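[1] structure of the sequence below:
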Amino acid sequence: MSNNQPLFFWNPDDADHPFLSQHYICEFMDENRRVFTSTEQLKIKSLGRKVKTFDEKEWNKAKFNIVIQGNVFKFSRGGKELREQLERTGDRELVEASPYDKIWGIGIKGGVKECQRQERDGTLDGKRKEWGKNLLGLAMVEARKLIREKEKSERGE
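    I've put the predicted structure just below:
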């Protein structure tokens, strides 16, 4: 597969790249595991909206940078193997192929398997206009870039 092709991910159970999933538990998160006990995204979102100080306008301003920083932590503090897995993605576009979420993912019915089918059939590029925002994939690409820049700086390059 070419490094120019998107790398699709979503669920830690169904993809070739489970480490990219937002639900992937890594070492730095162990102490906060209780926060991640629910796997139902809508339930988690609903619980978050019930926080008394939640301000959707403020969240929308800050969410992308928060998720970038969370992914920097995930991949730089989550162990050497996790960091190496991210590095092996090269410069590929990271696409959260959630069939349900058109903000953090692309919201394509059929998820990763459907995206891979479209890629094999050569119909993927024509379907991009139907994709959601893919904020999680974009945040992970930015986190990957920031980690590389930090490592390069630490090596004195």
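[2] so after the longest helix along the chain, what's the next helix or strand?
    The single longest helix within the chain, with elements called by DSSP state H, is helix 56-77. Tracing the chain past helix 56-77, the next element assigned as helix or strand by DSSP states H and E is helix 80-87.
[3] strands of the chain, start to end?
    In the chain, the segments counted as strands under DSSP state E are 7-9, 94-96.
[4] picking up where we left off before, pull out the buried residues from the longest helix of the chain.
    For helix 56-77, a neighbour-count test (16 or more other Cβ atoms under 10 Å) marks 64, 67-68, 71-72, 74-76 as buried. Where C-beta positions appear, they are placed from N, C-alpha and C, glycine not excepted.
[5] which one of those residues is nearest to residue 18?
    residue 74 (12.9 Å; Cβ to Cβ).
[6] please enumerate the helices of the chain.
    Counting by DSSP H, the helices of the chain are 41-49, 56-77, 80-87, 111-121, 124-127, 135-154.
[7] so which other helices or strands are in contact with the longest helix of the chain?
    Here helix 56-77 touches helix 80-87, helix 135-154, going by 3 or more Cβ pairs under 8 Å, 6 or more residues apart in numbering; DSSP states H and E.
[8] again, only using 10 Å
    helix 41-49, helix 80-87, helix 135-154 (3 or more Cβ pairs under 10 Å, 6 or more residues apart in numbering; DSSP states H and E).
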